[in-house]
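> sequence plus predicted model, see below.
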Amino acid sequence: MHVSNQFVRKWALRRRSPPGTLETIPDVYSPELANRRDILVYLPNSYFRTDRPFPVLYMHDGQNLFDPITSFAGEWGVDHAMATAAKRGRRAIVVAIPNMGIDRTKEYSPFVDSRAGGGAGDAYVDFILQTLKPMIDARFRTLPEREGTGIAGSSMGGLISLYAFFRAPHAFGFAGVMSPALWFAEGAIFRYVRTAPYAGGRIYLDVGTREGVGTLNNARELRDILVQKGYTMNETLSWTEDERGMHNEECWGRRIRDALPFMLDEAARVGGHHEPDQAGTEIDRWVDEPEPEVAE
């Protein structure tokens with residue numbers, strides 16, 4: 001199965017002016033998963049104005065991150081969230097990994113659920129670490145160390161991000177775990193996290209109160225487990241309980257704007273990206289909007 005780059009072309013034709021550049025690496029073969037997909041790489045405008053290396057955030061469900069035309073059920077607006085984060089001195093390359101459609105659940109869980117399937121999560125994490133990350137580090141000016149490498153996603157993408165963070169603490173220094181599907185395989189991830197060694201790094205965790213009682217309680221339980229493991233609230237662990245939050249792209253896109261500055265805090269210091277952009281340098285606007293007036 002192969003995911004085409006049709007949505008990359010659509011992204012380039014959209015009406016709004018993107019605050020950055022979206023490049024594609026076509027037809028990337030995964031020997032770990034025996035499939036192919038096009039990989040999207042988002043470069044902030046500041047990438048071309050400095051020689052410094054940039055942190056890299058690997059994100060799942062790449063079709064849903066940049067534009068509603070390419071998404072399944074709405075976009076996150078990650079490019080705009082990154083532009084906002086740059087005003088606070090937080091910059092990163094975003095590697096958007098499209099899901100493989102019917103194989104999404106299989107790839108996003110290392111556990112097997114009796115009804116939903118799963119089980120290829122280890123191979124998917126290996127694909128990121130053994131095939132994709134070396135490719136990205138070779139082609140772009142990255143900060144390849146653990147402190148400069150993160151992973152993030154929502155729902156099943158949140159589940160695999162959490163798993164990858166604890167499975168490969170040598171590689172991932174921060175993780176975004178948004179509305180994670182902790183129920184999968186009868187909550188197998190809880191046992192995994194409880195028994196995994198403390199990994200350090202930074203974890204952003206959130207949930208919406210309108211996602212259901214089970215989802216909310218599961219996220220709260222994970223929060224408590226992480227605190228018990230040694231993560232400190234508002235220092236190495238960020239917790240958001242969104243009172244308006246539902247299980248959809250609109251809510252994740254709204255919350256990613258708060259998640260990025262927290263996740264990228266340590267990476268900004270290591271990479272020398274702690275200085276905020278000047279006002280207006282990475283602000284996006286619609287193509288047909290008038291240019292802002294400048295007072296004389």
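Now that the structure is in, tell me what you want to look at.

> where do the strands sit along the stretch 51-200 of the chain?
Defined through DSSP state E, counting those that start in this stretch, the strands belonging to the stretch 51-200 of the chain, from first to last, are 56-59, 93-96, 112-113, 117-118, 149-154, 174-178.

> so what does the longest one touch, helix or strand wise?
Identification of packing neighbours for strand 149-154 by 3 or more C-beta pairs under 8 Å, 6 or more residues apart in numbering; DSSP states H and E yields strand 56-59, helix 156-167, strand 174-178, helix 249-263. Glycine gets a C-beta too; all of them are placed from N, C-alpha and C.

> remind me what the third one packs against, helices and strands.
Packing partners of strand 174-178 (3+ C-beta pairs under 8 Å, 6+ apart): strand 149-154, helix 156-167, strand 202-208, helix 249-263.

> looking at the ones you listed, which is buried most?
Neighbour counts (mean count of other C-beta atoms under 10 Å) averaged over each of these peak at strand 149-154, with a mean of 28.

> what angle separates that one from strand 202-208?
Here strand 149-154 runs at an angle of 10 degrees relative to strand 202-208 (axes from the mean of the first three to the mean of the last three C-alpha atoms, to 10 degrees).

> who does strand 149-154 pair up with?
In the sheet containing strand 149-154, its partner strands are strand 56-59 (parallel), strand 174-178 (parallel), by DSSP bridges.

> ok, and for the shortest one, which residues are buried?
By neighbour count, with 16 or more other C-beta atoms under 10 Å as the criterion, the buried positions of strand 56-59 are 56-59.

> circling back: quick check: which of the helices and strands packed on strand 174-178 is nearest to residue 185?
Between residue 185 and the helices and strands packed on strand 174-178, the shortest gap by C-beta to C-beta is with helix 156-167, which sits at 9.4 Å.

> contacts for the closest one?
Around helix 156-167, the neighbours that count as contacts under C-beta atoms under 8 Å, 6 or more residues apart in numbering are 59-61, 99, 104-105, 107-110, 121-122, 124-125, 128, 151-153, 172, 175-182, 184, 189, 192-193, 196, 199, 201, 203, 222.

> rerun at 6 Å
Helix 156-167 is contacted by residues 60-61, 108, 110, 121, 125, 151-153, 172, 175, 177-181, 184, 196, 199 when judged by C-beta atoms under 6 Å, 6 or more residues apart in numbering.

> before we move on, the earlier item: ok, which of the strands paired with strand 149-154 comes nearest residue 216?
strand 174-178 (13.6 Å).

> about what we covered before: possible to save the strands paired with strand 149-154 as CSV with mean pLDDT and distance to residue 75?
Shown next, in CSV, are the strands paired with strand 149-154 (pLDDT from 0 to 100; distance: least, C-beta to C-beta, whole Å):
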stretch, mean pLDDT, distance to residue 75
strand 56-59, 98, 12
strand 174-178, 98, 15
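
> thinking again about what came up before, distance to residue 137 for the strands of the stretch 51-200 of the chain - can I get that in a markdown table?
Putting these into a markdown table (distance: least, C-beta to C-beta, whole Å) gives the following:
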| stretch | distance to residue 137 |
| --- | --- |
| strand 56-59 | 8 |
| strand 93-96 | 10 |
| strand 112-113 | 32 |
| strand 117-118 | 29 |
| strand 149-154 | 9 |
| strand 174-178 | 17 |
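
> any buried residues in stretch 259-279, and which?
Of the residues in stretch 259-279, those buried by neighbour count under the rule 16+ other C-beta under 10 Å are 259-268, 270-271, 273, 277.
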